[in-house]
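Novice: give me a model of this one.
(one chain, ligands or ions: 1)
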Amino acid sequence: MLTEAMIPIHDTDAVWGAWRARSNALSRTPQGFAERLSACLDLGVSWIDHADIYDDGAVENLHGEALTHLDGEQARRLRVISKCGVRFESPGQPGVRIAHYRSSADFITAQAEASLKRLRGERIDLYLLHRPDYLMAVEETARALEALVSSGKVASVGISNFSTHQLAGLTETLDLPLTAHQIELSVLANQALDSGVLEQARSLKAAILAWSPLAGGALFAEDRPVNVVLAHLAEREETDMASIALAWLRRIPGPVIPVLGTMSVERLQQQIEGLRRISLDEQDWYEILQAARGARVP
Ligand SMILES: NC(=O)c1ccc[n+]([C@@H]2O[C@H](COP(=O)([O-])OP(=O)(O)OC[C@H]3O[C@@H](n4cnc5c(N)ncnc54)[C@H](OP(=O)(O)O)[C@@H]3O)[C@@H](O)[C@H]2O)c1
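Specialist: Numbering: from 1, shown residues only. Alright, predicted model coming up:
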């Protein structure tokens with residue numbers, strides 16, 4: 001029998017993203033964070049998205065501290081994603097004077113080990129290069145990722161925010177499958193539909209993880225023509241706009257897996273229930289796209 005502990009990233013309905021955890025009073029304590037982890041597991045979502053840069057590592061640390069509020073069985077069911085490669089001026093990154101990307105072997109290895117320490121884990125289940133480094137020495141980066149997998153510190157690797165050409169450059173050299181490509185994708189940020197990244201990920205059998213699937217909340221911040229369409233469909237489906245926007249993402253072949261960023265357990269429940277239940281037909285889907293783009297498809 002397939003248990004949640006075994007759900008591969010390709011088969012999960014959603015990932016929970018921890019980026020905003022310390023900006024929200026409900027989730028910024030170990031107890032509050034643990035309640036969200038527990039809610040995710042109860043909802044059948046075991047994949048949790050992190051990065052070394054989220055509050056200078058403090059979000060990963062919060063996850064590690066929260067484990068003491070879970071029982072051992074819950075902790076074992078969690079699957080962790082982390083990322084490395086982005087540098088910017090902040091107290092936790094001494095010596096950095098300008099935003100840049102880094103992909104040297106030493107750096108990637110050290111960041112993975114530091115993330116594991118903060119997360120109080122033995123293994124990162126999916127490790128992503130957060131951004132494409134224009135200065136990447138591809139052979140060196142590939143060998144570093146392979147060594148992390150051989151050592152057992154990382155179970156699988158992927159990328160985030162790469163173009164099709166950047167991804168092809170890495171796969172030519174990397175002696176491992178890329179398990180996932182995490183990209184920005186939502187009703188409002190829909191450029192990936194035309195860039196070729198979705199088709200490329202599908203042909204590589206890499207899961208497509210959609211970050212900011214509700215445009216980071218911008219979908220609700222102002223009235224746009226697309227909101228009228230979302231609200232109309234939400235009424236028809238007896239749900240809310242967020243669930244329709246997520247159902248729109250899930251309708252894209254892939255599958256496309258949203259990385260949900262809400263810190264509200266109620267919203268998390270509603271969004272996961274909605275994306276499992278609601279199925280949009282082609283005309284619903286194109287109506288949303290056309291309203292979002294402000295133009296008919298040609
Ligand atoms: N790879 C990358 O480069 C990259 C970049 C950005 C993010 N990420 C990952 O993607 C994850 C998700 O990103 P995100 O947080 O931007 O996701 P999101 O789900 O698009 O946005 C979450 C935000 O929307 C708000 N929201 C959700 N439902 C709402 C509703 N019904 N009404 C009003 N506001 C609502 C949430 O507030 P509440 O908490 O109050 O519900 C929260 O502030 C992050 O945690 C991170 O793991 C990756």
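Novice: kindly report the residues of the protein close to the ligand.
Specialist: Within the chain, the positions adjacent to the ligand are 17-20, 24, 49, 130, 160-161, 182, 211-217, 220, 240, 242, 259-264, 267 by CB under 6 Å from any ligand atom. Placement of C-beta: from N, CA and C, glycine included.
Novice: from the residues you listed, keep the buried residues only.
Specialist: In the residues of the chain next to the ligand, burial by neighbour count holds for 17-20, 49, 130, 160-161, 182, 211-216, 240, 242, 259-263, 267, counting by 16 or more other CB atoms under 10 Å.
Novice: those residues in strands, which ones?
Specialist: 17, 49, 160, 182, 211, 259-260 (DSSP state E).
Novice: return the closest of the residues you listed with respect to the ligand.
Specialist: G17 (2.3 Å; CB to the nearest ligand atom).
Novice: for the residue of the stretch 151-298 of the chain found nearest the ligand, which non-adjacent residue is spatially closest?
Specialist: Of all residues in the stretch 151-298 of the chain, the one sitting closest to the ligand is G261 (1.9 Å; CB to the nearest ligand atom). Nearest-residue entry for G261: G17, 4.6 Å, with adjacent residues in sequence omitted and distances by CB to CB, 6 or more residues apart in numbering.
Novice: report the contact partners of the most centrally placed residue in the chain.
Specialist: In the chain, the residue lying closest to the centroid (CA atoms, centre = their mean) is V259, at 4.2 Å. V259 makes contact with 14-17, 49, 182, 209-213, according to CB atoms under 8 Å, 6 or more residues apart in numbering.
Novice: again with R20
Specialist: With contacts defined as CB under 8 Å, 6+ apart, R20 is in contact with 27, 261, 263.
Novice: correct me if wrong: N227 contacts A218.
Specialist: No. Counting by CB atoms under 8 Å, N227 stays clear of A218, with 11.0 Å between them.
Novice: just want to know which of the two has more residues nearby.
Specialist: Shown here are N227 and A218; by other CB atoms under 10 Å, N227 has more neighbours (18 against 13).
Novice: check the gap between the nearest residue in space to the more buried one that is not next to it in sequence and A231 for me.
Specialist: With sequence-adjacent residues excluded and distances taken as CB to CB, 6+ apart, N227 is closest to M241, at 6.7 Å. M241 is 6 Å from A231, where distance means CB to CB, to the nearest Å.
Novice: do L198 as well
Specialist: Going from L198 to A231 by CB to CB gives 27 Å.
Novice: more neighbours, these two?
Specialist: Remark: of L198 and A231, L198 carries more neighbours, 20 against 14, as counted by other CB under 10 Å.
Novice: how far off centre is stretch 94-114?
Specialist: Here stretch 94-114 is found 20 Å from its chain centre; the criterion is CA atoms, centre = their mean, to the nearest Å.
Novice: for it, which positions count as buried?
Specialist: Buried residues in stretch 94-114 (16+ other CB under 10 Å): 101-103, 105, 107-109, 111-112.
Novice: and the end-to-end length of that stretch?
Specialist: 15 Å (CA to CA, to the nearest Å).
Novice: was I right about L268 contacting G17?
Specialist: No. Judged on CB under 8 Å, L268 makes no contact with G17 at a distance of 10.8 Å.
Novice: which residues do these two both contact?
Specialist: The contact sets of L268 and G17 overlap at L260 (CB under 8 Å, 6+ apart).
Novice: so where's this structure shaky on pLDDT?
Specialist: Applying pLDDT under 70 to the chain picks out residues 1-6.
Novice: repeat that for 50
Specialist: 1-5 (pLDDT under 50).
Novice: where is the longest helix in it?
Specialist: When the chain is parsed with DSSP state H, its longest helix is helix 105-119.
Novice: how far off centre is it?
Specialist: Centroid separation for helix 105-119 versus its chain: 19 Å, with CA atoms, centre = their mean.
Novice: contacts for that helix, please.
Specialist: Contact with helix 105-119 is made by 50, 52, 57, 60-61, 63-64, 80, 82, 84-85, 122-124, 127, 129, 140-141, 143-145, 147-148, 153-154, as judged by CB under 8 Å, 6+ apart.
Novice: and those, which of them are in helices?
Specialist: Residues of the contacts of helix 105-119 located in helices (DSSP H): 60-61, 63-64, 140-141, 143-145, 147-148.
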